[in-house]
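Participant: What follows is a predicted structure for the sequence shown.
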Amino acid sequence: MYEILLVVYLIVALALVGMVLIQQGKGADMGSSFGAGASATVFGSSGAGNFMTKTTTILATVFFVLSIVLGNLTAGQIKKTDEWENLEAPAAATVAPAASDVPASSEDNKSSDVPN
């Protein structure tokens, strides 16, 4: 279920980006006055604005709803462990250092190259 919603979420996000990029800006009306009129458009002279605006609104609504649903599903899947949950003191294991771990003093080793 989660993977299906994730794929739908990705498709809706890509469609939303595509719809936003297809729309004309407010300055695009200037080009129509110089012969590039809207008579040859796919959606007609005034229908593109309403169709694209409605489609973008629907895609944005679906995108936000899917974001909330996927967020709730993800929050339910991840279980963070609390480090303060178990307050018992761990058993203290003290280990004395071995004799070979302690460096020899320079008095014990007279042939050492290290100066005193």
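Facilitator: Nice, thanks for sending it over. Numbers count the residues shown, from 1 in each chain.

Participant: and Leu66, what helix or strand is that in?
Facilitator: Leu66 is located in helix 47-77, with elements delineated by DSSP states H and E.

Participant: That helix packs against which elements?
Facilitator: When contacts are defined as 3 or more Cβ pairs under 8 Å, 6 or more residues apart in numbering; DSSP states H and E, helix 47-77 packs onto helix 2-22. All C-beta spots, glycine's among them, are computed from the backbone N, C-alpha and C.

Participant: Around Val12, how many other residues sit close by?
Facilitator: For Val12, the count of nearby residues is 20 (other Cβ atoms under 10 Å).

Participant: Surely it and Ile58 touch.
Facilitator: No. Contact criterion Cβ atoms under 8 Å: Val12 and Ile58 do not qualify, at 9.6 Å.

Participant: can you state the direction angle for the helix holding Leu66 and helix 2-22?
Facilitator: With axes from the mean of the first three to the mean of the last three Cα atoms, to 10 degrees as the basis, helix 47-77 and helix 2-22 are set at 150 degrees to each other.

Participant: what about helix 47-77, average pLDDT?
Facilitator: Helix 47-77 shows a mean pLDDT of 85.

Participant: And that helix, what's buried?
Facilitator: 48, 52, 56, 59, 62, 66 (16 or more other Cβ atoms under 10 Å).

Participant: ok, the residues you listed vs Glu3, which is closest?
Facilitator: Relative to Glu3, the closest of the buried residues of helix 47-77 is Leu66; by Cβ to Cβ it sits at 13.1 Å.

Participant: excluding its backbone neighbours, what's nearest the closest one?
Facilitator: Tyr9 (4.6 Å; Cβ to Cβ, 6 or more residues apart in numbering).

Participant: wait, what's in contact with the one you found?
Facilitator: Going by Cβ atoms under 8 Å, 6 or more residues apart in numbering, Tyr9 touches 63, 66-67, 70.
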